[in-house]
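Undergrad: Generate a structure from the sequence data that follows.
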Amino acid sequence: MATAALSTVQLAPGQAAWRRFRRHRLALAGGVIILVLVLGSAFGPYLLPFDDTYIDIMKRFAPPLSGAHILGTDELGRDVLARLMMGARVSLSIGFVAMMIAMAVGIVVGAFAGFYGGLIGAILMRLVDAVLCFPTIFLLLALAALTEPGLVTTTVLIAATAWMAVARVVEAQVRSLREREFAVAALAFGSSNLRIMFRELVPNAIAPIVVAATLNVAKAILLESYVSYLGYGIQPPAASWGNMLNNAQIYLTNAPWLAIAPGLAITLAVTSFNFLGDGLRDALDPRMNIP
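TA: Numbering: from 1, shown residues only. All right, here's what the predicted structure looks like:
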């Protein structure tokens with residue numbers, strides 16, 4: 001009986017969070033769309049009869065629903081759906097990996113700044129403010145112009161311009177938690193500063209960190225689209241949503257589907273991650289009293 005009661009008490013916060021998240025219809029829809037995009041990018045290319053780099057000059061600019069070409073073909077006769085799925089694989093991979101790198105850097109910087117405060121905190125947060133002074137897209141383009149375009153460099157550069165907001169969130173949370181009883185007790189028991197930061201304080205700030213991570217994926221996908229569209233990101237013949245838009249811009253009048261497909265994919269992905277972040281923020285906030 002005691003075990004069952006304890007299990008019920010432990011599950012109650014999770015059940016309440018799920019109930020709050022379930023009430024957020026847009027977040028649920030966003031989660032479903034993200035799942036479809038991830039599964040489509042992972043398994044979709046293997047289910048199509050065409051490779052994303054297969055060229056068929058005789059079928060250039062085939063409109064959507066032309067035989068086996070569901071979304072038509074591009075200026076080289078390549079299947080748009082196959083390239084869209086491979087572009088999704090690239091864009092989503094950059095989004096998730098850049099998010100993880102940015103979260104790792106932001107959590108470390110924010111945790112040290114919030115825990116130590118004083119001179120260390122001031123130096124670290126002034127560094128964050130200094131980087132935030134530059135518009136993100138211009139900073140990213142300036143850094144991209146100094147490096148060789150590619151998947152790895154694009155991912156690292158996007159992460160390098162996305163960690164600052166995470167650091168500010170974590171710094172504020174750690175600074176507010178460091179004087180709580182559990183942190184003081186851990187210090188009294190002889191725990192090291194690193195253990196207190198990353199075993200006591202950061203886990204108790206996980207809710208805003210999760211929300212920031214979700215929104216960072218959307219930001220990373222947008223940034224990849226920007227730099228690839230401008231020619232500094234993923235280079236052809238590899239497909240990404242950004243360079244698909246770049247290739248389609250001169251064919252807007254006679255082949256508009258070349259721009260509509262990647263543009264719609266970017267819109268769906270970014271909007272879905274934003275809705276998911278909103279839903280997680282409401283679900284993980286205990287002050288949201290939703291029955």
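Undergrad: helices or strands up against the helix or strand in which Ala159 is found?
TA: Taking DSSP states H and E as the definition, Ala159 sits inside helix 151-160. Counting contacts by 3 or more Cβ pairs under 8 Å, 6 or more residues apart in numbering; DSSP states H and E, helix 151-160 is packed against helix 80-116, helix 136-145, helix 206-229. Heads up, the C-betas are built off the backbone N, CA and C, glycines and all.
Undergrad: And the contacts of that helix?
TA: Contact with helix 151-160 is made by 90, 93-94, 97-99, 101-102, 105, 140, 143-144, 147, 220, 223-224, 227-228, 233-234, 238, as judged by Cβ atoms under 8 Å, 6 or more residues apart in numbering.
Undergrad: List buried members of those by neighbour count.
TA: Buried subset of these (neighbour count, 16 or more other Cβ atoms under 10 Å): 90, 94, 97-99, 101-102, 105, 140, 143-144, 220, 223-224, 227-228, 233-234, 238.
Undergrad: Quick check: Glu171 vs Ala122, distance?
TA: Applying Cβ to Cβ, to the nearest Å, the value for Glu171 to Ala122 is 11 Å.
Undergrad: Looking at the two, which one has more neighbours?
TA: Glu171 (25 against 12; other Cβ atoms under 10 Å).
Undergrad: same for the host helix or strand of that one, what does it pack against?
TA: Assigned by DSSP H and E, Glu171 falls within helix 164-177. Helices and strands touching helix 164-177, as assessed by 3+ Cβ pairs under 8 Å, 6+ apart, comprise helix 80-116, helix 118-132, helix 202-204, helix 206-229.
Undergrad: Off-centre distance for that helix?
TA: 19 Å (Cα atoms, centre = their mean, to the nearest Å).
Undergrad: for it, which positions count as buried?
TA: Within helix 164-177, the residues that count as buried by 16+ other Cβ under 10 Å are Met164, Ala165, Val166, Ala167, Arg168, Val169, Val170, Glu171, Gln173, Val174, Arg175, Leu177.
Undergrad: Good, wrapping up.
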